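> just the structure for this:
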Amino acid sequence: MLLRLEPAVHKRLALQAKGNGESLNAFLTRKLVTG
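Below you'll find the model as predicted:
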């Protein structure tokens, strides 16, 4: 699964995922699944 995100958005999501102790992949997958 490839997601094209703006660098700033991606960086913010990566930081959020890190704060949740998740990998960015797991975080994005959960985001997509839960909506």
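
> for the residue nearest the centre of the chain, helix, strand, or coil?
In the chain, the residue lying closest to the centroid (C-alpha atoms, centre = their mean) is residue 28, at 3.9 Å. The three-state assignment at residue 28 reads helix, by DSSP: H, G, I helix; E, B strand; the rest coil.

> might one say that it is in contact with residue 14?
No - contact between residue 28 and residue 14 fails when scored by C-beta atoms under 8 Å: they sit 9.7 Å apart. Glycine gets a C-beta too; all of them are placed from N, C-alpha and C.

> okay, residue 2: pLDDT?
Listed pLDDT for residue 2 reads 56.

> count of neighbours near residue 32?
Per other C-beta atoms under 10 Å, the neighbour tally for residue 32 reads 10.

> now residue 33
For residue 33, the tally of surrounding residues (other C-beta under 10 Å) stands at 7.

> how close does it sit to residue 11?
22 Å (C-beta to C-beta, to the nearest Å).

> what residues of stretch 7-25 count as buried?
Buried positions in stretch 7-25, judged by neighbour count with 16 or more other C-beta atoms under 10 Å: 13, 17.
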